[in-house]
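Asks: A predicted structure for the sequence below; I have some questions about it.
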Amino acid sequence: MNNSNNLFNFIFSFLLLALISSCSSHYAEHIKEGKAYYRYFKYDGHDTFYDQHPIDKSKQFYNPILPGFYPDPSICQRGEDYFLVTSTFSFFPGIPIYHSRDLVNWKLVGHVLERPSQYMNRDQPISYGIFAPALSYNPKNETFYLTTTFVGGGGNFIVTAKDPAGDWSDPVWIPEVEGIDPSLFFDDDGKAYLVNNGEPEGKAEYSGHRAIWIQEFDVENQKMIGPRKVLINGGHDFSTKPIWIEGPHIYKIKDYYFLMAAEGGTSINHTEVIFRSKNVFGPYERNPNNPILTQKNLPEERDYPITNAGHADLFQDKAGNWYSIFLACRPYRKGNIFNIGRETFIHPVTWEKDWPTILESGKTIPMVLDLPEGVTKSEDKAWMPAGNFSYTDDFKSDSLAMEWMFLRTPTETEWYTLNRVEGGIWLDPQPTNLREMKHTAFLGRRQQHHDFTLETAIRFVPMSEQDFAGISLFQRESHYLNLGLTKDGTKTILALCKSQQGEDGLMEEKLASVALPIYDEEVKLKVQCENGIFSFLYQLENEDWKTLKTGIDAAYLSTAEAGGFIGTVMALYTTHNN
């Protein structure tokens, strides 16, 4: 018996050593090839609001329902199922699909645009790309339709699917529909109509003057038919020169067709207005109580303000209650300073005299709502978490988690490899960088809290000053912060850099650096944000955490300073063209 045990232990030890040797050889092979190895990605959100406003999870839930960069939401339902989509601009895959049966628990089930044949974007600025998707369901042919605009690309198009989780069709382009924000409405008689934002008839009378157009859509042949017609010129009150009427949706409720749209632009003057008619082609009367949603004109000094509310969608739940989803922002400082982008909120809708109201004038959007009857908030991390939460991805899976995003459509060459046995991921540096409007080795997830900690562990051997691998906090090509490994002469260093405008274009400024004693050891990297201030830390093997740089104002990555339409994306990033 003892001899058998000894033999078993010998064989087990031999196989274990062989496996370790194989993994070590595999790791060394990737280091030799110049790849960057990340052992894990850890995120911890800890906003003050959630600490100061604990909820009874058996009775309440938090707004927003999709925290972080989830703008321009659109929702539709089939039976007991609700499906929600948002804009993704120049990230890939495009347009996440979230599913729920109770409006509280939302699960990412796929993406609409996940193949290069659907969405090829390798040369557009980050705030171009996919704008304002609108999701519709046609019960006549049991098909889901999604309309959207590829800004900087082919313009407006339609894709279809029987199952929203995929696969979705390749685009059907509708070049005769100019402008942005197309949305399909399916009438009771089977006919379909497309509404969208476009230039007004004739000449625009002021900056931001736009109109909402309608045209019939041939469902069988998937093409536009008949004349185009303007439904709304300018907005609610043309005498006030309303700007950027956009994001339209049509609904048929009882005897009326309702046309709802946003106006005022997507910043602090954002509002939602609504009109109605007995005929889908109008004329439409305006709601005397417009806007039915806005946060403008509220005092800036209010606690935990929510701003920029608009771009809404209406729907009725299976119990007959009305709701709206919409985008809004959570600034952390005066001046409407926020980094996490436009988020998806929900709120009940009330009706009076056959007109809906999302939120009465002068009221603030609540961040705590009552749970619908019989609903509980799931603690399963497969669902979108709420409040303060944390997660760790050790990459021990057969494929990337669906929450990861690439910067533009990836190349055909595989540039990342999952270590499915031990965990971790290798990224192959690309000859492109974040300042270029190209695909690069960038693996990102949305920042979802103002205060957060981000951590990873990396091994990388830079061969020159052009090599870099580490963490990026990315807002746009001209506004990002990178913490990672590179070369300074003959020394391997850890450097903190930021993008800035130079005489010859975009360049990087080195904010801090430190030489590393061992060129190929694992280095842990950490980013902390507290009260709008960034700190960047590192840890060498068998040592304590050290601060490389602190006191960096997070407003550098805010929409107010950087501009554009996205929120900050936290990424693992590497390049041969630093």
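Replies: Looks like it came in fine.
Asks: ok, the nearest residue to P283 once chain neighbours are set aside - contacts?
Replies: Once flanking residues are discounted, P283 sits nearest to S277: 6.2 Å by Cβ to Cβ, 6 or more residues apart in numbering. For the C-beta atoms, the positions are set from N, CA and C on the backbone; glycine is no exception. S277 makes contact with Y256, Y257, L259, P283, Y284, E285, according to Cβ atoms under 8 Å, 6 or more residues apart in numbering.
Asks: go again using 7 Å as the cut-off
Replies: Y256, Y257, P283, Y284, E285 (Cβ atoms under 7 Å, 6 or more residues apart in numbering).
Asks: now do the third one: how many residues are near it, please.
Replies: Read that as P283. Neighbours of P283 under the rule other Cβ atoms under 10 Å: 10.
Asks: just the pLDDT for it.
Replies: You'll see P283 listed with a pLDDT of 97.
Asks: circling back: of the contacts of S277, closest to N297?
Replies: Nearest to N297 among these: E285, at 24.6 Å, using Cβ to Cβ.
Asks: you'd agree that closest one is up against R276?
Replies: Yes: the pair E285 and R276 qualifies as a contact (Cβ atoms under 7 Å) at a distance of 6.0 Å.
Asks: thinking again about what came up before, strands - which of the contacts of S277 land there?
Replies: Judged by DSSP state E, strands contain the following of the contacts of S277: Y256, Y257, E285.
Asks: same drill for E285 and R276, tell me which one is more crowded.
Replies: Shown here are E285 and R276; by other Cβ under 10 Å, R276 has more neighbours (20 against 11).
Asks: so the more buried one lies in a strand, does it not?
Replies: Yes: under DSSP: H, G, I helix; E, B strand; the rest coil, R276 sits within a strand.
Asks: pLDDT score assigned to it?
Replies: According to the prediction, R276 has pLDDT 98.
Asks: now G374: phi and psi?
Replies: phi 80, psi 0 (degrees, to the nearest 10).
Asks: of the contacts of S277, closest to L400?
Replies: Y257 (43.0 Å).
Asks: how about the contacts made by that closest one?
Replies: Per Cβ under 7 Å, 6+ apart, neighbours of Y257: I250, R276, S277, V280.
Asks: the first one bridge partners, please.
Replies: Following DSSP bridges, I250 is listed with bridge partners L259.
Asks: shouldn't it be in contact with A192?
Replies: No: using Cβ under 7 Å, I250 makes no contact with A192, being 10.3 Å away.
Asks: low-confidence ranges in the stretch 51-200 of the chain?
Replies: Along the stretch 51-200 of the chain, segments meeting pLDDT under 70 are nowhere present.
Asks: can you list the weak-confidence ranges in the protein?
Replies: For the chain, the ranges with pLDDT under 70 are 1-32.
Asks: domains in it, by residue range?
Replies: What automatic domain parsing lists as the domains of the chain is 33-46+387-575, 70-370.
Asks: out of the ones you listed, flag the one nearest Y62.
Replies: The nearest among the domains of the chain, by Cβ to Cβ, is domain 33-46+387-575 at 5.2 Å.
Asks: what's the end-to-end length of that closest one?
Replies: 13 Å (Cα to Cα, to the nearest Å).
Asks: could you number the chain from 27 rather than 1 from now on?
Replies: Sounds good: first residue 27 from here, last item domain 59-72+413-601.
Asks: what about the strands in the stretch 327-476 of the chain?
Replies: 333-342, 348-355, 369-374, 376-378, 381-383, 394-396, 416-419, 432-433, 442-444, 451-453, 467-472 (DSSP state E, counting those that start in this stretch).
Asks: pretty sure W430 contacts F468?
Replies: No: counting by Cβ under 7 Å, W430 sits too far from F468 to count as a contact (10.0 Å).
Asks: not counting sequence-adjacent ones, nearest residue to E429?
Replies: R471 (5.5 Å).
Asks: what is the burial count for that neighbour?
Replies: With other Cβ under 10 Å as criterion, R471 counts 20.
Asks: hey, what's it bridged with?
Replies: M596.
Asks: go on, the one 10 residues further on?
Replies: With DSSP bridges applied, the residues forming beta bridges to E481 are K68, K552.
Asks: measure it to E547 for me?
Replies: According to Cβ to Cβ, to the nearest Å, E481 stands 17 Å off from E547.
Asks: the more surrounded of these two?
Replies: Neighbour count, other Cβ under 10 Å: between E481 and E547, E481 has more, with 19 against 12.
Asks: tabulate the domains of the chain (a markdown table), appending distance to N89.
Replies: Putting the domains of the chain into a markdown table (distance: least, Cβ to Cβ, whole Å) gives the following:
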| stretch | distance to N89 |
| --- | --- |
| domain 59-72+413-601 | 11 |
| domain 96-396 | 5 |
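Asks: thinking again about what came up before, check contacts around the residue nearest to E429.
Replies: Contacts of R471 (Cβ under 7 Å, 6+ apart): E429, W430, M431, V595, M596.
Asks: wait, G179 touches N147, no?
Replies: Yes: between G179 and N147 a contact is recorded at 6.4 Å, counting by Cβ under 7 Å.
Asks: show me which of these two is the more surrounded one.
Replies: N147 (24 against 18).
Asks: gap between that one and K217?
Replies: As judged by Cβ to Cβ, N147 and K217 stand 33 Å apart.
Asks: please apply the same query to P309.
Replies: 19 Å.
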